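Novice: okay, here's the prediction I keep looking at, along with the sequence it came from:
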Amino acid sequence: MSHPRIAIVGLAIESSAYAAHRADYRDFPVFTGEELVARYPHLAPGSPLREAAEWIGVFSARSIPGGAVRREVYDDFTERIVAGLREAGPVDGVYLDIHGAMSVVGMDDAEGALVTAVRGVVGPDALITAPMDLHGNVSETLALALDLPTCYRLAPHEDAWETRERAARLLVEWIRRHAETGERPLRAWVRVPILLPGEKTSTRVEPARSLYAEIPGVESLDGVSDAGIWIGYAWADEPRCHATVMVTGSDAGVIVREAERLARRLWDVRDDFGFVGPPGTLGEGVAAALAHRAAGGARPYLISDSGDNPGAGGTGDVTWTLTRLLGMPELTGPDAPVTYVASVFDAVAVDRLFAHRPGDRVEVEAGARVDSRVSGPVRITGELLSLHGGEPGTADPQAGRIAVVRVGGIRAVVTEFRKAYHSTTDFARIGLDPAEADIIVTKIGYLEPTLYDVAQGWTLALTPGPVDQDLERLGHARIERPMHPYDDFPAEPALRARLLRERGYAEAAS
C-alpha cells in the first residue's frame, strides 16, 4: 500500500473528583500541525516511523493533573478535534493521545465520549490506537471503540515516551496488515474490581514490580501484539473507576487466556500492595528528618505532601502542610535546618510580593483561594528571598511568576499559577539547590526520578487534600460495588474476559 495517512489527536488530563480546581483553557497548551507532530521524538524527520506514514497533526491539548475539566472547554476541544479530522479527509489510522482518567463536569466517561466522537468521523475501518497512563480507567465504551489500546508499564512513568512509540509502531504495523489481509486486531478486556492509589501500586516495589514484569513475556507470544494492566485512578468517582487488563492481538484464544491469567494474578496479590515509601504523619516525617540531620545524615531528606499532589490531581493551593510547618519552632528558629517547601499558588499574593524587593520584610496571606476545605489561607511573615519571572517573557510557563520567602529555615515557594515541583531542576531554576537543603517538602506522592535519586531519606506524609491516600476518608459514592479494598466479596469475582472484535462489537466471553 502507499503511505498510510494517520491523524494525531489528543486531549489529556488526570482529574481528581475531590479537587476544587476546575481545568480551564489556561491549563491546556494546544498543539496543531507540524508543531504537534514534532512533539513526538519517534516521529522526528528521517526516523523509521516518520517515513512509514503520513502523520497529520490535527489537534492536541494536555494539562498537568488537576480537577474536572469545565464542560465548555471539553466541548470546544472535542469539536476542534472533530472538525480537524473532517478537514484532514480520509485516514487509515488515528493516534489518540489520552490519559485515561479525564473527568469532565457533568460527564461519567469523558474519554469514552471523545473516542466515540472520533470514531464517528473516521468511520469503522480506520484503526485507532491510544497510548495511556496505567492510572487510566478503561470503560467498556472506550475498550470497544479502540483497536490498539496500550499503557505505561512503569510507575513512576519513565516509559511514557517508549509507550507512545510502541503505540505508533503497532498502529503502522496493523494498518499494513489490515490493508494486505483485511484482518483487524482483537481485544480481550477484563474488569478487575480493585481501586488503589498510585502510591500503593508503584512498580518500584512488589507486588507491582513482578506483576508488570510479566507483560513482555505475554507480548512475545504468537498471536499477541500488546498487553496492558491499567491499575486505575482512585481519586475519581465514576462507574468506570476500577482496574483493567487488556490483551490485543490476532489469536482469540491466546489473548483471552492471557488476559484472564493476568487479571487473576492481579486479584491474587490485591492484599500485598503497600506504600512505596515509608508512610507517616507530617509530624513523624519532620521528626524523622530532624533525627536524620542530627545523626549526620546526608542532604536532603524528602517529605511528600501527598494529599495535595498536583501530579495526581491535587488542587495545588491547599495550605494544611505549610501552615503546620510555619508553626514548628524547630523549623523557623535561628538555627533551623534549611527546608524548601513547595508550593502554594496565589496570584494575588504574588502581586503583593512583587511590589517588594528581595531582602524586604514581607507579610502576606497565600493559598486556599481555590481549595479552603481542609485549611484556610496561610500567613507567611519573613524575608523576601527572591523573585522570578518579573520580566516579560521570563515567567515559568506553568507557574507564572514565583516568589520565595524565608521564615527561619523555611524557604516557602509561592507561585502565580498551579505548579508541581517534582524534579531537581524545578527547584534549581529558582535558586534552590536541592543539595543545599536539609529537608525538602513538596506536593508529591511517590518520588519522581530526579528527586528519588537525590533523596537521602524519605517520608510519604499522609496529609489531607483532594488526593488523600485514605480513600475511605474521601467517600466514593458512584463506583460499582463490591470493590476492593472497600468491601468484602461474598464470592471470588469471575474475572472473565470479553472478546472485542472488529467494528466495536462485543462477543461473549470464552
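Specialist: Sure thing, it's come through.
Novice: low-scoring stretches of the chain, by residue?
Specialist: Scanning the chain with the threshold set as pLDDT under 70 gives 1, 502-510.
Novice: look up how far Val374 lies from Gly314.
Specialist: The span separating Gly314 from Val374 equals 11 Å under the rule CB to CB, to the nearest Å. (Each C-beta comes from the backbone N, C-alpha and C, glycine too.)
Novice: the two: who's more crowded?
Specialist: Gly314 (32 against 17; other CB atoms under 10 Å).
Novice: just checking, the more buried one touches Ile64?
Specialist: No - counting by CB atoms under 8 Å, Gly314 stays clear of Ile64, with 10.2 Å between them.
Novice: pull up the overlap in contacts between Gly314 and Val374.
Specialist: Counting by CB atoms under 8 Å, 6 or more residues apart in numbering, the shared contacts of Gly314 and Val374 are Gly307, Gly465.
Novice: okay, Arg50 and Arg361: tell me how far apart.
Specialist: Distance from Arg50 to Arg361, by CB to CB: 56 Å.
Novice: how about Thr116: what's its closest non-neighbour residue?
Specialist: Among residues not flanking Thr116 along the chain, Ala145 sits closest, at 5.8 Å (CB to CB, 6 or more residues apart in numbering).
Novice: show me what contacts the one you found?
Specialist: So Ala145 contacts Gly112, Val115, Thr116, Val118, Arg119, Ile128, Gly504 (CB under 8 Å, 6+ apart).
Novice: strands of the stretch 301-450 of the chain, start to end?
Specialist: 301-305, 339-345, 361-366, 378-388, 402-407, 410-415, 439-442 (DSSP state E, counting those that start in this stretch).
Novice: so what touches the second one?
Specialist: Meaning strand 339-345. Residues outside strand 339-345 that contact it (CB under 8 Å, 6+ apart): 300, 316-319, 321-322, 325, 331, 366-367, 378, 399, 409-419, 421, 426-427, 432, 434, 437-443.
Novice: tell me which helix or strand Val245 sits in.
Specialist: Taking DSSP states H and E as the criterion, Val245 maps to strand 243-249.
Novice: which other residues reach the following helix or strand past that strand?
Specialist: Per DSSP H and E, the first helix or strand lying C-terminal to strand 243-249 is helix 252-268. For helix 252-268, the surrounding residues in contact (CB under 8 Å, 6+ apart) are 186-190, 192, 194, 211, 214-215, 218, 221-224, 227, 229, 243, 245-249, 492-493, 495-497, 499, 509-510.
Novice: restricted to helices, list the residues you listed.
Specialist: Of the positions in the contacts of helix 252-268, Leu211, Ile215, Val218 sit in helices, assigned by DSSP state H.
Novice: so can I have a markdown table of those showing neighbour count?
Specialist: Output for the ones in helices among the contacts of helix 252-268, formatted as a markdown table (neighbours: other CB atoms under 10 Å):
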| residue | neighbour count |
| --- | --- |
| Leu211 | 21 |
| Ile215 | 19 |
| Val218 | 22 |
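Novice: which member of these is positioned nearest Arg176?
Specialist: Nearest to Arg176 among the ones in helices among the contacts of helix 252-268 is Val218, at 23.1 Å by CB to CB.
Novice: okay, the closest one and Asp159: tell me how far apart.
Specialist: Val218 is 16 Å from Asp159, by CB to CB.
Novice: with Glu365 instead?
Specialist: Glu365 is 42 Å from Asp159, by CB to CB.
Novice: next one: Val344
Specialist: For Val344, the distance to Asp159 - CB to CB - is 32 Å.
Novice: those two: which has the busier surroundings?
Specialist: Between Val344 and Asp159, counted using other CB under 10 Å, the more crowded position is Val344 (29 against 18).
Novice: with adjacent residues omitted, what lies nearest to that one?
Specialist: Of all residues not flanking Val344 in the chain, Gly367 sits nearest, at 3.7 Å (CB to CB, 6+ apart).
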